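[1] Here is a sequence with its predicted model. Questions after.
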Amino acid sequence: MAKLYFYYASMNAGKSSHLLQADFNYRERGMATMLWTAALDSRSAGMVRSRIGLESEAHRFTPETDLWQTIGAKHAEAKLDCVLVDEAQFLTPDQVWQLARLADEGGIPVLCYGLRTDFQGALFPGSAVLLGIADALVELKAVCHCGRKATMNLRVDDSGAAVRQGQQTEIGGNDRYVALCRKHFARAMAA
């Protein structure tokens, strides 16, 4: 029975490298995969890229993409053994349900990788639905500067100060976000 998986973590936990390793494992065994990433992340331009240098081409989804229809058509044309989705926090709730349907009715394992929360500690809509309906939840670990598990994403400005207000989504890497434990995140937000 195919399942819907959600691998979640803070920034810098290796989500994309984990996805690329899973993709490699399927392909090494002669199995067909389909990779997806958010079109919103203009840095990737249709690629899943990890900070350690691994990368692979991927289809890009927007809020308007019908994943059930698009992936289902590809699966009907040539059997897919796995679908892997990077930046899953940017999925709409409807798209998460479409991916669940692919697992349930299409028989395709779907592995989603993404952030759980934004820079204010609030759930992303896609992550909220994944946390609610995924068959398996897997937390990947990042490390705070104190050595504790990092679970939060602190947005910083050009001088390194905490950003407390703004849009939920602002694309950036180590220049804009710092992974922290809850204790140090709360301190930074209160300062």
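    The structure has been received and is ready for your questions. Numbering: from 1, shown residues only.
[2] By mean pLDDT, flag the weakest helix or strand of the chain.
    strand 47-49 (a mean of 80; mean pLDDT, DSSP states H and E).
[3] which helices and strands sit right next to it?
    If you count contacts as 3 or more C-beta pairs under 8 Å, 6 or more residues apart in numbering; DSSP states H and E, strand 47-49 packs onto helix 15-28, strand 33-38, strand 55-57. C-beta: built from backbone N, CA, C; applies to glycine.
[4] Would you reformat those as CSV and include mean pLDDT?
    Compiled in CSV, those are given as follows (pLDDT from 0 to 100):
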stretch, mean pLDDT
helix 15-28, 96
strand 33-38, 96
strand 55-57, 85
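[5] Save these as TSV, and put in distance to residue 163 and mean neighbour count too.
    Shown next, in TSV, are the helices and strands packed on strand 47-49 (distance: least, C-beta to C-beta, whole Å; neighbours: other C-beta atoms under 10 Å):
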stretch	distance to residue 163	mean neighbour count
helix 15-28	22	18
strand 33-38	21	23
strand 55-57	28	14
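[6] In three-state terms, label the residue nearest to the spatial centre of the chain for me.
    Nearest to the mean C-alpha position of the chain, by C-alpha atoms, centre = their mean, lies residue 114 at 2.1 Å. Secondary structure, DSSP: H, G, I helix; E, B strand; the rest coil: residue 114 is strand.
[7] Assess the claim that residue 90 and residue 114 are in contact.
    Yes. Under the criterion of C-beta atoms under 8 Å, residue 90 makes contact with residue 114 at 7.4 Å.
[8] any idea where the strands of this protein begin and end?
    4-9, 33-38, 47-49, 55-57, 59-61, 82-85, 110-115, 136-139, 142-143, 149-150, 152-155, 177-180 (DSSP state E).
[9] Can you name every helix or strand that the last one contacts?
    So the one you mean is strand 177-180. Looks like strand 177-180 contacts strand 152-155 (3+ C-beta pairs under 8 Å, 6+ apart).
[10] Direction included, what does the strand it packs on pair against?
    Using DSSP bridges, strand 152-155 pairs in its sheet with strand 177-180 (antiparallel).
[11] Residues in contact with the partner strand: which ones?
    Under the criterion C-beta atoms under 8 Å, 6 or more residues apart in numbering, residues 10-13, 119, 142-145, 150, 152-156, 188 lie in contact with strand 177-180.
[12] what's the answer for stretch 30-46, then?
    19, 23, 26-27, 47-49, 56-62, 67, 71, 74, 78-87, 90, 169, 171, 173.
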